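# here is a sequence together with a model predicted from it:
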Amino acid sequence: MVAGRHRRHRPLDADLARQGARRHHQPVPPHGRGGRCAADGAVRVDPGRGVSPGGARAGAVWSRRARPAWLVRLGAGRIAVRACGHVHVGVVLRPVVRGAVPDAGGHRRHGRRHGHPAVTARGRARPRRLGRRGSARCVGGAGQPQVQLKSSRGATMKPTRVLLLGATLDSPNRGIGALAMGALTILRHRYPGCDIRLVDYGHEATTSHVSVAGETVDIPLVNLRFSWKPWLPNNIVRLLLVAALWRRVGPAWRERLQAGNPWLDQLARADMAVAVSGGDSFSDIYGMGRFFYMVLPQWLVLMLERPLVLLPQTIGPLRSPLARRIASHIVQRARLSYCREVGGVSEAAAALGLGAHQHQVVFGYDMGFLLEPRRPEGLVLPGVDSQTEGRALVGLNVSGLLNIGGYSGNNAFALQCDYPQLIERLLTLLIETRGANVLLVPHVFGNAAESDTIAIDALYDKWHARYPGRLFRVTAPLDQAEIKHVIGQCDLFVGSRMHACIAALSQAVPAVGIAYSQKFAGVLASVGAGQWVADPRSMGIEPIVRMVDAAFTQREAIHAQLARTMVGVKRQALDVLAPVVLTPAAASPAGALA
């Protein structure tokens, strides 16, 4: 019997029997928010406030030596709570009390029957939620409590909610799409059936339907706004201000703030968040505007006390002191941060001044390796589908960004050679000297100045008359899986976009990267292809041409090596979240990380 200070309490077993729960044999202690194992080995049951430490004052005492696993039949469903070795704080029933009693927020509430909120209008007992999001905690126990809410058929009642930041499925940059699909593959593998929501900027909230591991998944968008209109309820600056207030108020006011802002509510009710940062935008190399564009949503979820994991990406370079401070703040407060470059872990820890937090940055393979290729339907690609004369096919990705000299247009990446001349020299080598066919492959589509399609169209128009039947191009706006299939048909690939090179390497196609940042060398080195990175920031045209020529002659040996390497790479990339244990406690600010 659960007794308390109120004389009108009824024994819980008697009340359950009156409600028709005949199979109940164990008394269930009421719970409260933040119940803890008491130092003296007991927990006092306060009828109005649930479980509280200590048993000296009036109220029933529930010994932590009692470790039954309760199974309470409630209508058509079940509530299962596994023992964790300490006081069981789970989804339980509170005793029925006549009249008004204070709830967890200190308010006096009245039920429809016996004046208690734990009883529905029909008089059947109802479980009370564990904390604000149904999480369970047992502080000081040997392990984390495992709580499963199941229906009578055993299905999970509430799947894990995960936020995916810094990625989009409809970007003209197919590298970002590859990262997004890789992240979705990892999340669905690690947390089957989880509810994933994209957090990105946009005017409208949309839902994408994507195929992940052969299953069609709906991915809603939580659309934020990055604008000078602070009166918009989803403006990122406004949300940060509301989140700052949210942190300083109690549960009741937090619920009110969330009820008044559906964007804030979706973020605050998530179990965890993972960030991609566009792959290489956790840096100020593209300017401070782009940096804030990426990191402000990450800061927002941290302010809402959601567990954050930075998925494999490039961390840095960070030239501005302000950018370094912000990046260090985020990395230190994230549960784990993955760096995708070999050698980048120590560099990132030193650059951010992590000190005692340097163990929070670890290596992880780029998620683009996990993207599955898909053949474009009804598309015939000259040079790919109709190979003639047994010629080798070399894919050549031309970067529109490098072609115009960077975003600033004045050689922003400090290349030591003329990029358009380098591309034309490679055409001469591959077609005239080596007798190969060349397929021009864009990886950034659209009409923007930095689009690859614009640079490729100009190059094709200039040279196709000189090399009829030998020079081809991709003109259809293929998605990331379709363009990866096209790249996979090549015998050798030369790319100025890193994820175009990853699309080749993950299919064991030898690739030479034309690098403009540190990410190329580190990512390609992680799969044993570091010697095939040509850096025009420090190399001239002829050394780069010689490297491509060497790769062409050694392409068979490189292919065999990559085929052996990729099996382990994909397996490890898929299990990158294995160190992150998402338990019910992880949904609270004191979540767990193994």
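Structure received.
# which strand runs longest in this structure?
Using DSSP state E, we find that the single longest strand of the chain is strand 215-224.
# pretty sure Gln332 is in a helix, no?
Yes - judged by DSSP: H, G, I helix; E, B strand; the rest coil, Gln332 forms part of a helix.
# and it, what pLDDT?
We have a pLDDT of 93 for Gln332.
# begin at 53, not 1, for the rest of this chat.
That works, and once the first residue is 53, the last one we named lands at Gln384.
# need the contact list for Val269.
Shown in contact with Val269 (C-beta atoms under 8 Å, 6 or more residues apart in numbering): Leu236, Arg240, Ile248, His261, Val262, Ser263. No exception for glycine: its C-beta is placed from N, CA and C like everyone else's.
# repeat that for Leu370.
Each residue near Leu370 by C-beta under 8 Å, 6+ apart is listed here: Ser335, Asp336, Arg376, Ala379, Ala403, Leu404.
# look up the closest residue to it, ignoring the ones flanking it.
Arg376 (4.5 Å; C-beta to C-beta, 6 or more residues apart in numbering).
# which other helices and strands contact the helix or strand harbouring the one you found?
Per DSSP states H and E: Arg376 is located in helix 373-385. Applying 3 or more C-beta pairs under 8 Å, 6 or more residues apart in numbering; DSSP states H and E, one finds that helix 373-385 contacts helix 340-355, strand 360-365, helix 396-404.
# quick check: which of the ones you listed is buried the most?
Among the helices and strands packed on helix 373-385, strand 360-365 has the highest mean neighbour count (mean count of other C-beta atoms under 10 Å), at a mean of 25.
# neighbouring strands - and their directions - for it?
Strand 360-365 pairs in its sheet with strand 324-327 (parallel), strand 388-391 (parallel), by DSSP bridges.
# which outside residues touch it?
The contact list for strand 360-365 (C-beta under 8 Å, 6+ apart) reads 235, 238, 324-332, 334, 350, 353-354, 382-383, 385-392, 415-419, 625, 628-629, 632.
# now that strand: how far from the chain's centre is it?
The chain centre lies 7 Å from the centre of strand 360-365; the measure is C-alpha atoms, centre = their mean, to the nearest Å.
# and for stretch 436-453?
Once both centres are worked out by C-alpha atoms, centre = their mean, stretch 436-453 turns out to sit 34 Å from its chain's centre.
# what comes up buried for it?
Buried residues in stretch 436-453, counted by 16 or more other C-beta atoms under 10 Å: Val436, Arg443, Ala444, Leu445, Val446, Gly447, Leu448, Asn449, Val450, Ser451, Gly452, Leu453.
# end-to-end on that stretch?
26 Å (C-alpha to C-alpha, to the nearest Å).
# need the worst-confidence member of the buried residues of stretch 436-453.
Out of these, that is Val436, at 72.
# could you confirm it falls within a helix?
No - secondary structure assignment (three-state DSSP) places Val436 in coil, not in a helix.
# please parse the protein into its domains.
Taking automatic domain parsing as the reference, the chain has its domains at 53-210, 213-416, 445-626.
# got JSON lines for these, with distance to Leu431 too?
Shown next, in JSON lines, are the domains of the chain (distance: least, C-beta to C-beta, whole Å):
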{"stretch": "domain 53-210", "distance to Leu431": "40"}
{"stretch": "domain 213-416", "distance to Leu431": "16"}
{"stretch": "domain 445-626", "distance to Leu431": "6"}
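# thank you kindly, that will do.
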